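Colleague: Dropping the sequence and predicted coords here.
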Amino acid sequence: MKVQEHTSLKDHTTFRLGGEARYFIECIDEQEVKEAIMFAKEKDLPLFVLGGGSNTIFTDDGFPGVVLHIAICGVQVIQGIHDEAIVLVQAGEEWDGFIEQAMEEGFYGLENLSLIPGTVGGAPVQNIGAYGVEVSQFIEQVTVFDTKENSKKVFSNADCRFGYRTSVFKEEKERYIILSVMFRLQKVFSPNLSYKDIAKELDGKDVTPELLRETIIAIRTRKLPDWRKLGTAGSFFKNPELTKEEVGVLLAKYPEVPMYPHEDRFKVSAGYLIEHIAHMKGEKRGGVGVYDKHALVLVNYGEGTYDELEVLIKEIWYKVKKETGISLEPEVNIV
Ligand code: EPU
């Protein structure tokens with residue numbers, strides 16, 4: 001177990017913000033995870049589990065306890081019966097690399113989630129989703145270490161309580177450390193073209209897994225910043241879910257707002273609200289700002305601070321609230 005002290009957290013999150021971690025421990029296997037938990041308990045310090053850091057923002061004060069970085073790697077095909085494959089993936093594997101590897105094996109389903117930054121262990125936490133697919137559709141089970149009961153546990157798909165960008169692991173975020181995820185993938189390719197941007201781009205084409213992945217990558221590259229070049233955590237807010245009545249009130253004032261039914265409610269495009277109602281697209285506050293190609297994405301131009309980001313978040317929140325009555329909720333995890 002490698003213990004570092006006073007480690008800058010900037011280099012461990014894609015938004016590239018935040019002060020120092022008092023201790024930073026990288027764990028390459030389960031034993032090291034247990035040792036890191038003991039280390040924090042003995043010192044009576046709080047513990048924070050970090051994967052790829054693509055959906056986490058630390059404040060300028062940093063983290064006063066132990067940041068446990070999960071770096072457990074490995075991909076194992078457990079079963080390949082009939083037209084399905086069961087694949088066990090360790091939490092520290094890079095997400096997009098895993099999709100590529102699965103496709104090479106002829107295992108499909110995750111193509112629409114291509115190029116999402118982060119690790120496999122982070123995927124179930126917020127039930128990552130894009131272009132009509134959510135990762136929960138392909139998760140068989142998740143193995144965790146329960147820090148409360150000090151034991152390993154297996155969660156079935158239903159136990160994970162997946163929702164829109166949420167799960168039991170996000171609800172009880174201090175408690176569970178994801179060690180591995182078991183996926184149920186398809187051996188017969190059946191593309192999900194339910195998202196209108198994708199259907200439009202692929203209209204009339206012979207859709208192969210490779211073409212679908214390339215198309216998703218092209219769309220994401222056009223709309224979203226490359227975190228290697230510009231600090232970002234993807235969508236900053238969730239798309240708000242409104243009742244039929246609330247939607248009626250909103251449409252009476254803003255008839256153009258894009259929305260679509262989702263379960264018994266309507267999801268409203270937060271990107272639209274921020275661009276066309278709050279007029280914040282492309283705005284900068286100090287070293288941070290609203291991305292000029294997608295208003296739901298906030299970016300760090302390099303030297304941004306959390307204090308500047310907080311000013312920006314509040315300004316967006318108040319403007320949207322004042323005009324529409326909607327309270328935007330962050331999708332990212334602010335520590
Ligand atoms: N829009 C604007 N202005 C903008 C951006 C978007 O008006 O600057 C409107 C447009 O009408 C557009 C609509 O919003 O058609 C939807 O935009 P987009 O297709 O980019 O999707 P989104 O709802 O903004 C969600 C996810 C993304 C995911 C895409 C594609 C959330 C919070 N975000 O964004 O996920 O990639 O759909 O499925 O649900 C992420 O979670 O980090 C993320 C990037």
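Modeller: Looks like it came in fine. This structure is a prediction, so every number in the text was calculated from the model and none was measured. Numbering: from 1, shown residues only.
Colleague: For the rest of this, base every contact and every neighbour count on C-alpha atoms.
Modeller: Noted.
Colleague: is residue 242 in a bridge, and if so with what?
Modeller: Applying DSSP bridges to residue 242 yields these beta-bridge partners: residue 266.
Colleague: Pretty sure it sits against residue 268.
Modeller: Yes: assessed by CA atoms under 8 Å, residue 242 is found in contact with residue 268 at 7.3 Å.
Colleague: Secondary structure class of residue 77, three-state.
Modeller: Following DSSP: H, G, I helix; E, B strand; the rest coil, we place residue 77 in the strand state.
Colleague: Just to check, residue 327 is in contact with residue 320?
Modeller: Yes: counting by CA under 8 Å, residue 327 does reach residue 320; the two are 7.3 Å apart.
Colleague: Which of these two has more residues huddled nearby?
Modeller: Neighbour count, other CA atoms under 10 Å: between residue 327 and residue 320, residue 320 has more, with 23 against 13.
Colleague: so how far is residue 273 from that one?
Modeller: Computed as CA to CA, to the nearest Å, the residue 320 to residue 273 distance reads 7 Å.
Colleague: cool, and residue 218?
Modeller: Look at residue 218 and residue 273: by CA to CA, they are 25 Å apart.
Colleague: mind listing what's buried in stretch 296-314?
Modeller: Of all the residues in stretch 296-314, those buried under the rule 16 or more other CA atoms under 10 Å are 296-301, 304-306, 308-309, 312-313.
Colleague: should've said stretch 96-105
Modeller: For stretch 96-105, by 16+ other CA under 10 Å, it's 96, 98-100, 102-103.
Colleague: of all these, which comes closest to the ligand?
Modeller: Of all these, the ligand sits closest to residue 96, with 13.8 Å by CA to the nearest ligand atom.
Colleague: SS state for the closest one?
Modeller: Taken by three-state DSSP, the conformation at residue 96 corresponds to helix.
Colleague: Burial check on residue 234, number of neighbours?
Modeller: As a burial measure, residue 234 scores 23 neighbours (other CA under 10 Å).
Colleague: Give the partner strands of the helix or strand bottoming out on mean pLDDT in the chain in its sheet and their orientations.
Modeller: The helix or strand of the chain with the poorest confidence is strand 259-262; it has a mean of 89 (mean pLDDT, DSSP states H and E). Paired strands of strand 259-262, with direction, are strand 265-268 (antiparallel) (DSSP bridges).
Colleague: Which strand in this protein has the most residues?
Modeller: For the chain, the strand with the greatest residue count under DSSP state E is strand 176-186.
Colleague: Tell me which residues of it come out buried.
Modeller: In strand 176-186, counting by 16+ other CA under 10 Å, buried: 176-186.
Colleague: try stretch 132-147
Modeller: 133-147.
Colleague: So which of these sits lowest on pLDDT?
Modeller: By pLDDT, residue 147 ranks lowest within the buried residues of stretch 132-147, coming in at 93.
Colleague: Could you pull up the residues touching that residue?
Modeller: Going by CA atoms under 8 Å, 6 or more residues apart in numbering, residue 147 touches 37, 175-177.
Colleague: For the ligand, see how far away the nearest residue to residue 292 once chain neighbours are set aside is.
Modeller: With CA to CA, 6 or more residues apart in numbering as the criterion, residue 292 has its nearest non-adjacent residue at 4.2 Å, and that residue is residue 282. Residue 282 sits 9 Å away from the ligand, going by CA to the nearest ligand atom, to the nearest Å.
Colleague: Could you measure from residue 282 over to residue 88?
Modeller: To residue 88, residue 282 is 41 Å away according to CA to CA.
Colleague: Residue 109 too?
Modeller: According to CA to CA, residue 109 stands 15 Å off from residue 88.
Colleague: Ok, residue 264 next?
Modeller: Distance, residue 264 to residue 88, using CA to CA: 34 Å.
Colleague: and the helix or strand harbouring residue 308, average pLDDT?
Modeller: Taking DSSP states H and E as the criterion, residue 308 maps to helix 306-324. Mean per-residue pLDDT for helix 306-324: 97.
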